[in-house]
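> Take this sequence and fold it.
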Amino acid sequence: MSRALVVTAKGEPGRLLEIDDEEFFEGSGGPGAVDIEVLHSSVNYKDGLALTGRPGVVREWPLIPGIDIVGRVTASRSARFEPNDLVVLNGDGIGEHRHGGLATHARVRPDALIQLPSGLTPEHTAAVGTAGFTAMIAVLALQDARVLPEDGEVLVTGAAGGVGSVAVSLLAGRGYTVVASSGRASTEGDYLRALGAARVIEREPLGSPGKPLQSQAWAGAIDSAGSHTLANVLAQTNYGGTVVACGLAQGGDLPASVMPFILRAVTLTGANSVEAPLALRERAWTALASELDLDALDSMTTTIGLDEVLPTAERILAGQVRGRTVVTPSR
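Okay, here's the model as predicted:
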């Protein structure tokens, strides 16, 4: 038997239930399925949507949300893993159409599962989670686009959130001059500067409709807001700069024009942690293990138990949670 947060029907919020593992996980994971004792998971914005019954995330019912799993293998039908291996899984459809990590046990397919990165504890790996994994993919995208620290300031929107917090820390560690944009700049400014932000600015007017082409300000950017924020960031990006889109907290629309692309050769690319191939997963986690400031990670992390997840989900959607929230099911 396991304890699990389960969304039982479309539009319904999650409930904490006792489940029979063999019955509930029957057919999960496919022929190479790996059984895991979940040591830690986390609460992300997407989990908040799933747990509160909002549309757009959960696509099958009943479903255990939780897009992060850090745990210990208890049984494996895959040649890549053995019992007692410490593993991590982010995205890959868990918490959406495959059972996720907000439970004491999980059964997953092995395709996107990787060994715990050397040098990281399970707790730190969960604190990084999909948010930090996405942030690292975004940082690597800027690197691959040859956006260099000497090129100018790099903007991070939604900077006090999970993706933004880790992105600020990673970019600062690489020598970039980071400007952090947040709707909570007045209350989270000290926190963001401690992570490495050179400047902290208010979310407005980035979040309001703006001109299709504006004064150049950013060598590059990592945006987790979408909508008008992303449109304004593109309009303010320097000639030849790159913007990495990795979220839609403001909205999934993009009310922009082609001006930044055809007049300033701006590049818009994406960071997709759900479908990331195995090679990119291993590259990103290797970089995280070598570059993370663990003290900074600790400063942005709160740990809760399964009993505390549902109220946290409401708070994360209301923009009242900063940094990372780790879930320890045994707590």
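
> ok, now which ones touch the residue nearest the centre of the chain?
Of all residues in the chain, the one closest to the mean position by C-alpha atoms, centre = their mean is residue 131, 2.0 Å from it. Contact analysis of residue 131 by C-beta atoms under 8 Å, 6 or more residues apart in numbering lists 42, 44, 161-163, 165-166, 324. No exception for glycine: its C-beta is placed from N, CA and C like everyone else's.

> How is this protein divided into domains?
For the chain, automatic domain parsing gives the domain ranges 2-116+300-327, 130-270.

> Okay, now the unreliable bits of the stretch 1-150 of the chain?
Along the stretch 1-150 of the chain, the model assigns pLDDT under 70 to no residue.

> Sketch out the helices for it, chain order is fine.
21-24, 45-51, 122-144 (DSSP state H, counting those that start in this stretch).

> now the residue nearest to the centre of the chain: how far from residue 322?
Applying C-beta to C-beta, to the nearest Å, the value for residue 131 to residue 322 is 12 Å.

> Overlap of the contact sets of these two?
Contacts common to residue 131 and residue 322, judged by C-beta under 8 Å, 6+ apart, are 161, 165.

> follow-up on the earlier one: tabulate the helices of the stretch 1-150 of the chain (a markdown table), appending distance to residue 250.
Formatted as a markdown table, the helices of the stretch 1-150 of the chain follow (distance: least, C-beta to C-beta, whole Å):
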| stretch | distance to residue 250 |
| --- | --- |
| helix 21-24 | 36 |
| helix 45-51 | 12 |
| helix 122-144 | 17 |
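
> now for the ones you listed, which one comes closest to residue 249?
Of all the helices of the stretch 1-150 of the chain, helix 45-51 sits nearest to residue 249, with 6.5 Å by C-beta to C-beta.

> what residues does the closest one touch?
5, 7, 13-14, 54-58, 63, 65-67, 95-96, 100, 102, 130, 161-162, 247, 249, 309-310, 312-314, 316-317.

> just stretch 179-188 next, same as before
Contacts of stretch 179-188 (C-beta under 8 Å, 6+ apart): 153-160, 164, 168, 192, 195, 197-204, 206-207, 218, 229, 319, 322.

> Let's see that with 7 Å instead.
The contact list for stretch 179-188 (C-beta atoms under 7 Å, 6 or more residues apart in numbering) reads 153, 155-157, 159-160, 168, 192, 197-203, 206, 319, 322.

> In CSV: the domains of the chain, plus distance to residue 289.
CSV is the format used below for the domains of the chain (distance: least, C-beta to C-beta, whole Å):
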stretch, distance to residue 289
domain 2-116+300-327, 9
domain 130-270, 10
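
> tell me the contacts of the residue nearest to residue 18 when sequence neighbours are not counted?
The shortest distance from residue 18 to any residue other than its chain neighbours is 5.6 Å, reached at residue 1 (C-beta to C-beta, 6 or more residues apart in numbering). Counting by C-beta under 7 Å, 6+ apart, residue 1 makes contact with 18-21.

> Top of these by number of neighbours, please.
residue 19 (19 neighbours; other C-beta atoms under 10 Å).

> beta partners of it?
residue 2 (DSSP bridges).

> Next up, the contacts around it.
1-2, 4, 6.

> One more: residue 134?
163, 246, 271, 273.

> how about 10 Å then?
By C-beta atoms under 10 Å, 6 or more residues apart in numbering, residue 134 lies in contact with 44, 90-91, 128, 162-163, 166-167, 222, 224, 244, 246-247, 271-274, 276, 284.

> Now restrict those to buried residues only.
44, 90-91, 128, 162-163, 166-167, 222, 224, 244, 246-247, 271, 273-274, 276, 284 (16 or more other C-beta atoms under 10 Å).

> Residue 247: helix or strand, and which one exactly?
When elements are assigned from DSSP states H and E, residue 247 belongs to no helix and no strand.

> Name the nearest residue to residue 256, ignoring sequence neighbours.
residue 231 (3.8 Å).

> And for residue 290?
residue 119 (7.4 Å).

> what about the closest residue to residue 307 other than its chain neighbours, neighbour count?
Spatial nearest neighbour of residue 307, excluding adjacent residues (C-beta to C-beta, 6+ apart): residue 16 at 6.8 Å. Residues near residue 16, counting by other C-beta under 10 Å, number 14.

> Residue 16 against residue 311, yeah?
No. Between residue 16 and residue 311 there is no contact under C-beta atoms under 10 Å: 11.9 Å.

> Return the distance of the nearest residue to the residue nearest to the centre of the chain once chain neighbours are set aside relative to residue 236.
Once flanking residues are discounted, residue 131 sits nearest to residue 162: 3.1 Å by C-beta to C-beta, 6+ apart. Look at residue 162 and residue 236: by C-beta to C-beta, they are 24 Å apart.

> So residue 55 sits against residue 10, correct?
Yes. Residue 55 lies in contact with residue 10 (C-beta under 10 Å); the separation is 8.1 Å.

> Neighbours of residue 135, how many?
31.

> wait, what's in contact with it?
Contacts of residue 135 by C-beta under 10 Å, 6+ apart are 128-129, 156, 162-171, 222, 224, 244, 246, 271, 273, 284, 288.

> in the stretch 201-331 of the chain, which spans are helices?
Using DSSP H, counting those that start in this stretch, helices in the stretch 201-331 of the chain cover 227-236, 259-264, 278-291, 294-299, 309-317.
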